[in-house]
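>>> Have a look; sequence and predicted model below, questions after that.
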Amino acid sequence: MRFWFWTLGAAIAVLVAVIVYTIVSFASLEGGRLFSIQFLVNGAFVYPGLVLSLGVDLLILSRRTPHTITRIERGALTGVLALALVVLAVSFVEHSLLLSTIYWLLLVTAAVWATSVLGMTNSRLAAERSAETARESGSLDDLLAGGED
C-alpha cells in the first residue's frame with residue numbers, strides 16, 4: 001500500500017511540474033518553448049483533471065481502514081499511470097493531434113473508472129465493517145426482542 005502512496009504522490013508532483021512549465025511557457029508568449037499544441041492542451045486541461053483524479057484516489061486509499069488494495073485497483077491505477085505516460089510521450093510529436101485526442105479520451109475514461117472502482121471498494125469495505133460492528137454490539141431489534149421473553 002505504501003508503494004501506491006508514493007507512486008501516486010510522485011505522479012502528482014510530476015504532473016504539477018508539467019502544468020507549471022506549460023503555463024509559464026504559454027504566459028511568456030514564447031511558443032517555441034512549447035513542444036506542440038497537444039503539449040499545451042495536456043498542461044492546461046488534461047493534466048489538471050488527472051491531478052484532481054489522482055488526488056481523489058490518494059484520498060480514498062488513505063481513508064481505507066484495512067490498508068490493502070485489490071488486483072483490479074492495482075490494474076486500474078497502473079493503466080491510468082501508463083496512459084498518462086503515453087499521453088506525455090505523444091505530446092512531444094507535433095503532428096499527432098488525432099492520436100492525442102484518442103489517448104485523451106482513453107485517459108479520462110480510465111481515470112474515472114479507477115476512481116469509481118476505488119470508491120466502490122471503499123464503500124463495500126465500510127459496509128462490511130459496519131455490519132460486523134452491528135453484529136458485535138447487537139441491533140435495537142435484538143435488544144428489544146430480549147426483553148419480551
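Here it is on my side, so go on.

>>> ok, residues contacting stretch 67-78?
1, 4, 7, 8, 57, 61, 110, 113, 114, 117, 118, 121 (CB atoms under 8 Å, 6 or more residues apart in numbering). Backbone N, C-alpha and C define where each C-beta goes, glycine included.

>>> Please enumerate the helices of the protein.
2-27, 37-41, 47-62, 71-90, 97-137, 140-146 (DSSP state H).

>>> picking that back up, narrow the contacts of stretch 67-78 to just the buried residues.
For those, a neighbour count by 16 or more other CB atoms under 10 Å gives the buried set as 4, 8, 57, 61, 110, 114, 117, 118, 121.

>>> Give me the number of neighbouring residues for residue 89.
By the criterion of other CB atoms under 10 Å, residue 89 has 11 neighbours.

>>> Can you give me the pLDDT of the residue sitting nearest the centre point of the chain?
Taking CA atoms, centre = their mean, the centroid of the chain lies closest to residue 54, which sits 3.0 Å from it. With respect to pLDDT, residue 54 has a value of 90.

>>> again, but for the one 10 residues further on
The predicted local confidence for residue 64 comes out at a pLDDT of 77.

>>> Could you do residue 141 as well?
60.

>>> Same check on residue 51?
92.

>>> circling back: could you find the lowest-pLDDT member of the buried ones among the contacts of stretch 67-78?
Among these, residue 4 has the lowest pLDDT, at 81.

>>> what's the closest non-adjacent residue to residue 114?
Spatial nearest neighbour of residue 114, chain neighbours left out: residue 76 (3.7 Å); criterion: CB to CB, 6 or more residues apart in numbering.

>>> Give me the neighbour count for that neighbour.
Neighbours around residue 76, by other CB under 10 Å: 21.

>>> do the one 10 residues further on as well
In terms of burial, residue 86 registers 15 neighbours under the definition other CB under 10 Å.

>>> repeat for residue 48
16.

>>> Next one: residue 95 relative to residue 43, how far apart?
Using CB to CB, to the nearest Å, residue 95 is found at 19 Å from residue 43.

>>> out of these two, which sits in the more crowded spot?
residue 43 (24 against 8).
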